[in-house]
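# the following block contains a protein sequence and its predicted model.
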Amino acid sequence: ETGVTQSPTHLIKTRGQQVTLRCSSQSGHNTVSWYQQALGQGPQFIFQYYREEENGRGNFPPRFSGLQFPNYSSELNVNALELDDSALYLCASGGTDNEKLFFGSGTQLSVL
Amino acid sequence: KQEVTQIPAALSVPEGENLVLNCSFTDSAIYNLQWFRQDPGKGLTSLLLIQSSQREQTSGRLNASLDKSSGRSTLYIAASQPGDSATYLCAVTGTASKLTFGTGTRLQVTL
């Protein structure tokens, strides 16, 4: 049990739609990161938020956006879904660079 | 750009064997290295975290080593059990707490 919860666990969307994924972090963790994991691959860094501001971004287009709220919850929004967006989306919370990150169980997104 | 490689991609061993998983990374400017376990379709469980100033960490039957100068880490699993079957991922932490992952080693421990 990592104390990080994600919803929903599974989601099916069609190409062109928009989706919002949610994460509830551990209390006291000011940092939340989102990762995309395609089948058979390692997770890829999407972006990170620290105290409600984005402070790092991976190689993902602007249609991937996020929000972090004061109550340690956060969202990942993806607009104009593409077939290649089908993946497991993982949320992770933590403190500083030298601390463990705690991952949620992920949201499995299928785009048809 | 940091790149992380894990060898082998898959491994099958009989129960009770000791085994070693390998991880290499190209940029030695890291804060730490973590080993994770992932069961099919599930999230990641952190097994061991080694700070950049450390050489190894141990937890139960697991031992992880880090040689930052050569860009290598190993995860040693002693007396493997069927319950150890999973994918093991290595990740290094760079700036802004960004983790760069390898593609993992899929381990199967047979009876």
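Done, it's in.

# ok, the residue positioned nearest the centre of chain A - contacts?
Centroid-nearest residue in chain A: residue A:34, 3.2 Å away (criterion: Cα atoms, centre = their mean). By Cβ atoms under 8 Å, 6 or more residues apart in numbering or on different chains, the contact set of residue A:34 is A:23, A:46-48, A:66, A:74, A:76, A:89-92. Quick note: C-beta positions are derived from backbone N, CA and C, even for glycine.

# show me the strands in chain B, by range?
B:4-7, B:10-14, B:19-25, B:32-38, B:44-51, B:56-59, B:62-67, B:72-77, B:86-93, B:99-101, B:105-110 (DSSP state E).

# just to revisit the earlier point, and the residue nearest to the centre of chain A, bridged to which residues?
residue A:47, residue A:91 (DSSP bridges).

# residues in contact with residue B:83?
So residue B:83 contacts residue B:109 (Cβ under 8 Å, 6+ apart).

# are any of the contacts of residue A:34 buried, and which?
A:23, A:46-48, A:66, A:74, A:76, A:89-92 (16 or more other Cβ atoms under 10 Å in any protein chain shown).

# let me have those residues in TSV, extended by pLDDT.
Below are the buried ones among the contacts of residue A:34 laid out as TSV (pLDDT from 0 to 100):
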residue	pLDDT
A:23	96
A:46	96
A:47	93
A:48	92
A:66	96
A:74	95
A:76	98
A:89	97
A:90	96
A:91	95
A:92	92
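
# give me the low-pLDDT residue ranges for chain A?
A:1, A:95-98 (pLDDT under 70).

# so how many other residues sit close to residue B:26?
12 (other Cβ atoms under 10 Å in any protein chain shown).

# please name the nearest non-neighbouring residue to it.
Closest residue in space to residue B:26, ignoring its immediate chain neighbours: residue B:3 at 4.6 Å, by Cβ to Cβ, 6 or more residues apart in numbering or on different chains.

# quick one: residues contacting residue 18.
Because you didn't say which chain, this covers chain A. Applying Cβ under 8 Å, 6+ apart, one finds that residue A:18 lies in contact with A:77-81.

# think we crossed wires, I meant chain B
So residue B:18 contacts B:76-80 (Cβ under 8 Å, 6+ apart).

# just these that are near chain A?
Applying Cβ under 8 Å from any Cβ of the partner chain to the contacts of residue B:18, one finds that nothing falls near chain A.

# returning to that earlier point: with mean pLDDT and mean neighbour count added, can I get the strands of chain B in TSV?
Below are the strands of chain B laid out as TSV (pLDDT from 0 to 100; neighbours: other Cβ atoms under 10 Å in any protein chain shown):
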stretch	mean pLDDT	mean neighbour count
strand B:4-7	96	18
strand B:10-14	96	12
strand B:19-25	97	19
strand B:32-38	95	23
strand B:44-51	92	20
strand B:56-59	96	14
strand B:62-67	97	19
strand B:72-77	97	20
strand B:86-93	96	25
strand B:99-101	94	24
strand B:105-110	97	17
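
# quick one: which of those strands is nearest residue A:8?
strand B:44-51 (18.7 Å; Cβ to Cβ).

# list the helices and strands the closest one packs on?
strand A:102-103, strand B:32-38, strand B:56-59, strand B:62-67, strand B:72-77 (3 or more Cβ pairs under 8 Å, 6 or more residues apart in numbering or on different chains; DSSP states H and E).
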